[in-house]
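K.L.:
Fold the following and give me the result.
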Amino acid sequence: MEIGQEVLLLLKEEITESEYNRYIKQLSYDSKKSTSDLAVFYAPNALVCNWIKSKYTQKIAHLFEVKNNSKVTVSISLKNQLDKRKIKKATEQKTGH
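P.N.:
This is a model prediction of the structure:
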């Protein structure tokens, strides 16, 4: 299991089941973009993204620190923004622009 998923499971123990299922469970951890000092998560929509940023970014960062013994910056972004960037990049490569 990836560290990001382990941290989310630790968070699950500290919050209500409904908050976990409604918001936290929808996060996906990007192990390829994450580094020793950056944890990258994607949310499926703006509501979930903004809610987690305002309520749980600090707590997620703290749990990473507890788990890894190092401070981590937590990034939570919209998944569809990433998908749009990939599509735009692929389109630009095909058209040469």
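K.L.:
any chance you could map the helices in the protein?
P.N.:
3-12, 17-22, 46-68, 79-95 (DSSP state H).
K.L.:
okay but residue 11 is in contact with residue 56, surely?
P.N.:
Yes. Contact status for residue 11 versus residue 56: in contact at 6.9 Å, counting by CB atoms under 8 Å. In this view, the C-beta of every residue, glycine as well, is placed from N, C-alpha and C.
K.L.:
hey, what's in contact with both of the two?
P.N.:
residue 24 (CB atoms under 8 Å, 6 or more residues apart in numbering).
K.L.:
With neighbour numbers in mind, choose between the two.
P.N.:
residue 56 (22 against 18; other CB atoms under 10 Å).
K.L.:
Against residue 38, how distant is the more buried one?
P.N.:
17 Å (CB to CB, to the nearest Å).
K.L.:
In contact with the most centrally placed residue in the chain: list those residues for me.
P.N.:
With distances taken as CA atoms, centre = their mean, residue 41 lies nearest the centre of the chain, 1.4 Å away. Residues near residue 41 by CB under 8 Å, 6+ apart: 4, 27, 28, 29, 30, 52, 60, 74, 75, 76, 77.
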